[in-house]
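K.L.:
Here is my input; please provide its structure:
(one chain, ligands or ions: 1)
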Amino acid sequence: MTRGNGSARGGTPPDGDPLVRASDLRIDLGGTTILDGVSLDVDTGTFVGLIGPNGAGKTTLLRALNGALTPALGRVEVAGERIDRLGSKAASRLVATVPQDTSVSFDFDARETVRMGRTPHLSRFGGWSDEDSAAVERAMERTDVTGLADRAVTGLSGGERQRVLIARALAQATPLLLLDEPTASLDINHQVRTLELVSELVAEGKTAVAAIHDLNLAAHYCDELVLLSGGGVVAAGPPAEVLTEANLEGAFDANAVVSRHPVTGSVYVTALPETRAGDAEGRVHVVGGGGTAARHLYLLSAAGYDVSVGALNEGDTDTETARSLGVDAVTVPPFSSVDSAARDAVADRIERADCVVVADVEVGRGNLANLRAAADADSLVLVEERPFAERNYAGTEGERAYERLRARGTVVSAGDVLAAVTAAVEGEATDATSEERTEAREASQSDSSAT
Ligand SMILES: Nc1ncnc2c1ncn2[C@@H]1O[C@H](COP(=O)(O)OP(=O)(O)OP(=O)(O)O)[C@@H](O)[C@H]1O
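P.N.:
The predicted structure follows:
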């Protein structure tokens, strides 16, 4: 992107330039360098999320972007203007900030607080126009604080006060909106409503930069993320490029699994608790799919078992979980059925396993090969969250295969899998006799060869 030479007119950057350009910033506070070598371009009409661990410098960067802090090196331009060289009124027409700390010392009511947002637009004589009043009422409606208008802000809850301060920033009608932890004190409904509102404003042409701790909200709502850590930018770009397991481990020192949210499709981060690898010994193969195996893969791996899973389709959430846990996954391409190579690979895993777990899978054609293969297991644990009798698989091949497994496996609920596997691996018998196992295996083999 080339740099323009012209200066801003009415909050618009010179042609083709980003609205915000921070170049090679170094920021020192209290004699310590907090950020160094930080550069950031934010195009008009984008919603950028600043993420990073506590103390990474998100607030510090926002304060540099609004001109409250002057960098030791580098510069911040908003709409082509050096923000630290503008007078406060001119800067306040370009940038509105919703601070992290919403405590206020003044005893205004909510409407008066929102009206403060209009100050940079008032004439020298303080004339108050219909447009100013309309901007205040509109900002209060959009942040759902009209009902609080006459309440003293000091008497509002933290979340209510935060929404009033967002309204004040909206009333300021600036091209750039900076928000420091805008959802920190909000209930789940107002978290979503606030970020939906920011998204709407961005769709209408505003530009927003927000420090957001909740990585999943950030991934869902922001166009781009900037990951700060160790005094600099570790990664920047679309959420899927920034929220990788390697980046999260490097920046947060956290063990996290990155997948897609099953409902929204957004990148989804699950932080896993710090687990010391358990000392369980043995091999466990899991049959799953569609997320049914994920929890078992995690718990069995954490317990110390050598875990394999499959066959799964590439792209299945269980495949992604297996990959991030380092679990051996037998896979086939998306939407493909289990081919002979995968069948052999699964048979090999099952033969070597001390126990096979069949997750609460859909019993149907997609899993038929896996269910039949599981019949060869010496020790079998079946997970049933819904009673089998309530499922309507009457007469299908899947049901026949599954019934054979049931005849010889231990049926448990999802929470009991680890205990059942441990009992099985340590040699405590499943509730089927060896005679039943042999019969089931023979029936399974004759069934397989018939199809
Ligand atoms: N006035 C100051 N003097 C010295 N150090 C400061 C000052 N203000 C902030 N810091 C330090 O700068 C670092 C960055 O702080 P900052 O508040 O920007 O981080 P943050 O990423 O917003 O953190 P959090 O997620 O906890 O809100 C911290 O180590 C903080 O202690």
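K.L.:
got a list of what residue 347 touches?
P.N.:
Residues near residue 347 by CB atoms under 8 Å, 6 or more residues apart in numbering: 373, 376. Any C-beta I mention is one placed from the backbone N, CA and C, and that applies to glycine too.
K.L.:
Phi first, then psi, for it.
P.N.:
Residue 347 adopts backbone torsions of phi -60, psi -40, taken as degrees, to the nearest 10.
K.L.:
how much space between it and residue 249?
P.N.:
As for residue 347, its distance to residue 249 is 35 Å (criterion: CB to CB, to the nearest Å).
K.L.:
Could you do residue 372 as well?
P.N.:
The gap separating residue 372 from residue 249 is 39 Å, by CB to CB.
K.L.:
okay, those two: which has more neighbours?
P.N.:
Neighbour tally, residue 372 and residue 249, criterion other CB atoms under 10 Å: the higher count belongs to residue 372, 25 against 12.
K.L.:
Now do the phi/psi pair for that one.
P.N.:
As for residue 372, its main-chain torsions (degrees, to the nearest 10) stand at phi -70, psi -40.
K.L.:
quick one: residue 108 and residue 149 touch, right?
P.N.:
No. Counting by CB atoms under 8 Å, residue 108 stays clear of residue 149, with 11.2 Å between them.
K.L.:
Now do the same contact list for the residue nearest the centre of the chain.
P.N.:
With distances taken as CA atoms, centre = their mean, residue 216 lies nearest the centre of the chain, 2.4 Å away. Applying CB under 8 Å, 6+ apart to residue 216 gives the contacts 261, 266, 267, 268, 269.
K.L.:
Please indicate which of the residues you listed are buried?
P.N.:
Among these, those classed as buried by neighbour count (16 or more other CB atoms under 10 Å) are 266, 267, 268, 269.
K.L.:
Which one of those is nearest to the ligand?
P.N.:
Nearest to the ligand among the buried ones among the contacts of residue 216: residue 269, at 16.2 Å, using CB to the nearest ligand atom.
K.L.:
what does the chain put close to the ligand?
P.N.:
Taking CB under 6 Å from any ligand atom as the contact definition, the chain meets the ligand at 29-30, 32, 34, 52, 54-60, 211.
K.L.:
Let's see the PyMOL selection covering just the buried ones among those residues.
P.N.:
What follows is the PyMOL syntax for the buried subset of these, where burial is set by 16+ other CB under 10 Å:
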select buried, resi 34+52+56+57+58+59+60+211
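K.L.:
In TSV: the residues of the chain next to the ligand, plus pLDDT.
P.N.:
Shown next, in TSV, are those (pLDDT from 0 to 100):
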residue	pLDDT
29	95
30	92
32	95
34	97
52	96
54	93
55	94
56	96
57	96
58	97
59	96
60	97
211	97
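K.L.:
what does the domain assignment say about the protein?
P.N.:
Domain segmentation of the chain under the TED database yields 20-249, 283-433.
K.L.:
how near is the residue nearest to the centre of the chain to the ligand?
P.N.:
As judged by CB to the nearest ligand atom, to the nearest Å, residue 216 and the ligand stand 16 Å apart.
K.L.:
Skipping its backbone neighbours, what lies nearest the residue in the stretch 101-250 of the chain positioned nearest to the ligand in space?
P.N.:
Going by CB to the nearest ligand atom, the ligand is nearest to residue 211 of the stretch 101-250 of the chain, at 5.8 Å. Spatially, and ignoring its direct neighbours in sequence, residue 211 is nearest to residue 58 (3.8 Å; CB to CB, 6 or more residues apart in numbering).
K.L.:
which residues touch that neighbour?
P.N.:
Counting by CB under 8 Å, 6+ apart, residue 58 makes contact with 50, 51, 52, 180, 211, 228.
K.L.:
which residues does the nearest residue to residue 328 once chain neighbours are set aside bridge with?
P.N.:
Among residues not flanking residue 328 along the chain, residue 308 sits closest, at 4.1 Å (CB to CB, 6+ apart). Beta bridges link residue 308 to residue 285, residue 328, judged by DSSP bridges.
K.L.:
Hmm, residue 308 is touching residue 287, no?
P.N.:
No. Residue 308 lies out of contact with residue 287 (CB under 8 Å); the separation is 10.2 Å.
K.L.:
how about CSV for the contacts of residue 216, with secondary structure added?
P.N.:
CSV is the format used below for these (DSSP: H, G, I helix; E, B strand; the rest coil):
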residue, secondary structure
261, coil
266, coil
267, strand
268, strand
269, strand
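K.L.:
What are the boundaries of the helices in the stretch 251-400 of the chain?
P.N.:
294-303, 317-325, 340-352, 365-374, 397-408 (DSSP state H, counting those that start in this stretch).
K.L.:
Going by contacts, tell me the helices and strands next to the shortest one.
P.N.:
The one in question is helix 317-325. With contacts defined as 3 or more CB pairs under 8 Å, 6 or more residues apart in numbering; DSSP states H and E, helix 317-325 has these neighbours: strand 256-260, helix 294-303, strand 306-313, strand 328-332.
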